[in-house]
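Undergrad: Just a sequence and a predicted model for now, questions to come.
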Protein chains: 2
Amino acid sequence: MAETVTLMKTAQAGESFPEPAQKGDAEKRGRKASKEVRQLQLIEATIDSLAKRGYSETTMADVADGAGLSRGIVNFHFESKEKLLVATLQHMYDEYSAHWRGALQKAGDDPARQLQALVAADFDRSICNKRKLAAWCAFWGEAKSRPTYQALSGSRDAAYQNHFVALCQALKADGGYGFDPQGLALALSAMLEGLWLRLMMGTEDTTRETALQAANEFLASAFPKHYPLTPAGKPREA
Amino acid sequence: MAETVTLMKTAQAGESFPEPAQKGDAEKRGRKASKEVRQLQLIEATIDSLAKRGYSETTMADVADGAGLSRGIVNFHFESKEKLLVATLQHMYDEYSAHWRGALQKAGDDPARQLQALVAADFDRSICNKRKLAAWCAFWGEAKSRPTYQALSGSRDAAYQNHFVALCQALKADGGYGFDPQGLALALSAMLEGLWLRLMMGTEDTTRETALQAANEFLASAFPKHYPLTPAGKPREA
DNA sequence: CATAGTTTGTTGAACATTCATTCAAAATCT
DNA sequence: AGATTTTGAATGAATGTTCAACAAACTATG
């Protein structure tokens, strides 16, 4: 793994427009800052294109047009199309990772709360929207045949999985359940990914709310002592 | 829906190897085979190519080479690349559909048995192998941006989902559980799809057996009265 | 401060490659 | 012979990449 394109994230440039007028960044030169902004702008345009046209029909021209720039610009900031896509995947991966870690932090020390927070985080609007899900799916479709993508394509990586196993173990010890923590954790995270897939396809009437309810239904079934059922199918409110 | 390419399934075409060069040279070299055999041969070659190179790199030439035939042959049997891919997806869809219906039939009348059979069917070798899973994933990645694929891309369709809901309802009535059948059924089928995705990526040490165990762990947790836990994490043997 | 020179960023056209499709001729079957 | 299937080269369109010229921002120097 020679080079991993890593970008500094300046603020959360995620959803809104990048402000054209960057103030006098005392230390940074306007030029250098502009470079990172440009790259982020191109990455966002790439996500747009992936979501709208799919992986196989995403072209350099479409990305450039989407960013409102000229054709050759992408090869200047990213060496090739391949590297642009890797950088885009890396960006989404970093964002997802930061998001669930943040949610975990906010959840406090109670394992039951933490697990519920992790699950809920997956369906947060900032992460779970048509555009991003479609982009994820586009990469999944190519991951198996591209070694470069494989490591990053599972947004739910080993660290994520370890957290789930640990939480299942903690709840088991506390509630005296009979399941195997490893297996149940796998079932849980797989279900979250599967729900993402459903939302992505968007054919059925599955919405973010429906999906979250289904996930909570799972929690209530597997950990009845920690998540008592309510009529709405939603565990106790925070 | 003008034309749905429906193919007769002659025997079970090779599951084991991605064999690019067909060795069963029973007849003369590639010459003159029945139209249906040739179409099936090309579809199998398409699945091979999708699995090996991914959707975006699957070319007509690669398919033709994989089938050991000439370049122009695909446009003769299938009008275009698009139609070849739709026929391939249709073929996989039909196969999957027939498989779970067969498993359900064999399971008898007991809902608990039926549900377990449906889950186990998903991890049967004939359906759940690297080659097929990779092909499924390739289509998933393109489905959102191609209306033609959407209907077929969810191998788990409305009929499948309805069976799950009905079984969850039956078990709830029998066991006095508190869950919402609709939600739990969604969680269940999403988990199965998510486990497929894990198997496909193949990065971790997730195997077909591990995945099936995780799914059974889910069943045991959600329906404790119907699937008592055993040390192996696997519900009672049939 | 002003000016010239250098670096950095951007453009758009040209180029080379890949690939789906077409089709006339050949091969094979009825 | 006539119909059907197969071949392989030709064609044209799409697309990633390169590059020479240009513009803007920055630096050095007078």
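TA: The structure has been received and is ready for your questions.
Undergrad: Where does pLDDT dip in chain A?
TA: Along chain A, the parts satisfying pLDDT under 70 run over A:1-33, A:204, A:230-238.
Undergrad: got the residues of it near DNA strand C?
TA: Proximity of chain A to DNA strand C is confined to A:R31, A:K32, A:S34, A:K35, A:R38, A:L69, A:S70, A:R71, A:G72, A:I73, A:F76, A:H77 under the rule C-beta under 7 Å from any atom of the strand. C-betas here are computed from N, CA, C, even on glycine.
Undergrad: hmm, which of those residues are the buried ones?
TA: Among the residues of chain A next to DNA strand C, the ones that count as buried by 16 or more other C-beta atoms under 10 Å in any protein chain shown are A:R38, A:L69, A:I73, A:H77.
Undergrad: got the residues you listed as JSON lines, with distance to DNA strand D and secondary structure columns?
TA: Output for these, formatted as JSON lines (distance: C-beta to the nearest atom of the strand, whole Å; DSSP: H, G, I helix; E, B strand; the rest coil):
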{"residue": "A:R38", "distance to DNA strand D": "13", "secondary structure": "helix"}
{"residue": "A:L69", "distance to DNA strand D": "12", "secondary structure": "coil"}
{"residue": "A:I73", "distance to DNA strand D": "8", "secondary structure": "helix"}
{"residue": "A:H77", "distance to DNA strand D": "11", "secondary structure": "helix"}
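Undergrad: For these, which two are the farthest from each other?
TA: Greatest spatial distance among those (C-beta to C-beta): A:L69 and A:H77, at 9.6 Å.
Undergrad: pretty sure A:S155 is touching A:E95, no?
TA: No: counting by C-beta atoms under 8 Å, A:S155 sits too far from A:E95 to count as a contact (9.2 Å).
Undergrad: Would you mind identifying the next helix or strand past the helix or strand A:S49 falls within?
TA: Assigned by DSSP states H and E, A:S49 belongs to helix A:30-53. As assigned by DSSP H and E, the chain's next helix or strand after helix A:30-53 is helix A:60-67.
Undergrad: Could you chop chain A up by domain?
TA: Domain segmentation of chain A under automatic domain parsing yields A:13-78, A:107-238.
Undergrad: ok now the last one, how far from the chain's centre?
TA: Relative to its chain's centre, domain A:107-238 lies at 12 Å (C-alpha atoms, centre = their mean, to the nearest Å).
Undergrad: Help me see whether that domain makes contact with DNA strand D, please.
TA: No: judged by C-beta under 7 Å from any atom of the strand, domain A:107-238 makes no contact with DNA strand D; its nearest approach is 13.3 Å.
Undergrad: Using CSV, write out every CA atom in stretch A:220-229.
TA: Provided in CSV are the C-alpha atoms of stretch A:220-229 (Å, rounded to 0.1, in the frame of the first residue of the first chain):
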residue,chain,number,x,y,z
ALA,A,220,-35.7,-5.7,21.9
SER,A,221,-35.9,-9.4,20.9
ALA,A,222,-32.3,-10.2,21.6
PHE,A,223,-32.0,-8.1,24.8
PRO,A,224,-35.5,-8.1,26.3
LYS,A,225,-34.2,-7.1,29.7
HIS,A,226,-32.4,-4.1,28.4
TYR,A,227,-34.9,-2.9,25.8
PRO,A,228,-38.4,-3.5,26.9
LEU,A,229,-40.9,-3.4,24.1
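Undergrad: Please list the residues outside it that contact it.
TA: A:112, A:115-116, A:171, A:174-177, A:179, A:184, A:188, A:216, A:219, A:233, A:235-236, B:177-179, B:184, B:218, B:221-222 (C-beta atoms under 8 Å, 6 or more residues apart in numbering or on different chains).
Undergrad: Help me confirm that A:K144 comes into contact with B:T203.
TA: No: the criterion here is C-beta under 8 Å, and A:K144 misses it with B:T203 at 9.8 Å.
Undergrad: any common contacting residues for these two?
TA: A:Q150.
Undergrad: Who has more neighbours out of those two?
TA: Ranked by neighbour count (other C-beta atoms under 10 Å in any protein chain shown), A:K144 and B:T203 place A:K144 first, with 25 against 15.
Undergrad: Would you check how far apart A:A215 and DNA strand C are?
TA: Separation of A:A215 from DNA strand C (C-beta to the nearest atom of the strand, to the nearest Å): 39 Å.
Undergrad: Based on its surroundings, how many neighbours for that residue?
TA: Neighbours of A:A215 using other C-beta under 10 Å come to 24.
Undergrad: which ones are touching it?
TA: Contacts of A:A215 by C-beta under 8 Å, 6+ apart are A:V119, A:D122, A:F123, A:M191, A:L192, A:L195, B:A187.
Undergrad: can you pick the most crowded of those?
TA: Neighbour max across these (other C-beta under 10 Å) = B:A187, 31 neighbours.
Undergrad: hmm, back to that, so which of the contacts of A:A215 sit within helices?
TA: A:V119, A:M191, A:L192, A:L195, B:A187 (DSSP state H).
Undergrad: Skip the chain neighbours and tell me the closest residue to the first one.
TA: Closest residue to A:V119 in three dimensions, ignoring its sequence neighbours and counting by C-beta to C-beta, 6 or more residues apart in numbering or on different chains: A:A215, at 5.1 Å.
Undergrad: Also the second one?
TA: With sequence-adjacent residues excluded and distances taken as C-beta to C-beta, 6+ apart, A:M191 is closest to B:M191, at 3.8 Å.
Undergrad: Identify the residues contacting that neighbour.
TA: A:A187, A:A190, A:M191, A:G194, A:F218, B:A214, B:A215, B:F218.
Undergrad: Nearest to B:V165 among these?
TA: Taking the contacts of B:M191 together and measuring to B:V165 by C-beta to C-beta, the closest member is A:F218, at 15.2 Å.
Undergrad: Quick check: the gap between the closest one and A:H99.
TA: 21 Å (C-beta to C-beta, to the nearest Å).
Undergrad: and if you look at A:A45?
TA: In terms of C-beta to C-beta, A:A45 sits 22 Å off from A:H99.
Undergrad: neighbour-wise, which of these two wins?
TA: Comparing A:A45 with A:H99 by other C-beta under 10 Å, the one with more neighbours is A:A45, at 22 against 17.
Undergrad: you'd agree that one is up against A:A61?
TA: No: A:A45 sits out of contact with A:A61 when judged by C-beta under 8 Å, with a separation of 11.2 Å.
Undergrad: can you pull out the strands in chain A?
TA: Secondary structure of chain A (DSSP state E): no strands located.
Undergrad: Geometrically speaking, which residue is the centre of it?
TA: Among the residues of chain A, the one closest to the centroid is A:Y96, at 3.5 Å (C-alpha atoms, centre = their mean).
Undergrad: now that one, nearest residue through space, not along the chain?
TA: A:S155 (4.4 Å).
Undergrad: ok so, going back, A:S155 and A:E95: who's more crowded?
TA: Here A:S155 and A:E95 are compared on neighbour count by other C-beta under 10 Å; more neighbours surround A:S155, at 22 against 16.
Undergrad: Distance check, that one against chain B.
TA: 11 Å (C-beta to the nearest C-beta, to the nearest Å).
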